[in-house]
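[1] mind looking at a prediction? Sequence and model below.
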Amino acid sequence: MRNGRDVFAYLILTMTLKRHYHNRYTATVELFKAAANTLTHGGCVYLYGPFREPGSGEYGEHNDMKEGNFKFDLSLKSRDPSWGIRSLQEVSATATEFGFEIEPGDMGRVEMPSNNLFISFKKTIC
């Protein structure tokens, strides 16, 4: 059973699911910082959207995006250079700094339609 603090955090964090690329990267850092201070051990942060992954496509600096995501990334950066599709490695490293790890198994990283991913980060440190 979730305690009241976890329910509140779940509602706040759920609203950020698909917005991590429409913000400066500091917003992602602040998301994990807030989650670390709010969620109890085993609590989760879920991110949904496109991510850069080395070797996952033919576009980007490191062949890390499919064509549609590459075009979307350019569109985001044209509106604000601090926006853009984030590297899953970078996001994972930030999550680890705050005591979160991608959940093991099939539920930690799920491929979704339109080259999106659903990533579940579980709090492993109290």
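    That came through, no problem. Residues are numbered from 1 along each chain as shown.
[2] how near is the most centrally placed residue in the chain to residue 66?
    By C-alpha atoms, centre = their mean, the mean C-alpha position of the chain lies nearest to residue 47, the distance being 4.0 Å. In this structure, residue 47 and residue 66 are separated by 18 Å, where distance is defined by C-beta to C-beta, to the nearest Å. All C-beta spots, glycine's among them, are computed from the backbone N, C-alpha and C.
[3] over to residue 83?
    Distance from residue 83 to residue 66, counting by C-beta to C-beta: 18 Å.
[4] one more: residue 44?
    In this structure, residue 44 lies at 27 Å from residue 66, with C-beta to C-beta as the measure.
[5] which residue ranges of this structure form helices?
    Assigned by DSSP state H, the chain shows helices spanning 4-14, 25-38, 67-79, 88-97.
[6] tell me what the last one is packed against?
    When contacts are defined as 3 or more C-beta pairs under 8 Å, 6 or more residues apart in numbering; DSSP states H and E, helix 88-97 packs onto helix 25-38, strand 51-52, strand 100-102, strand 116-123.
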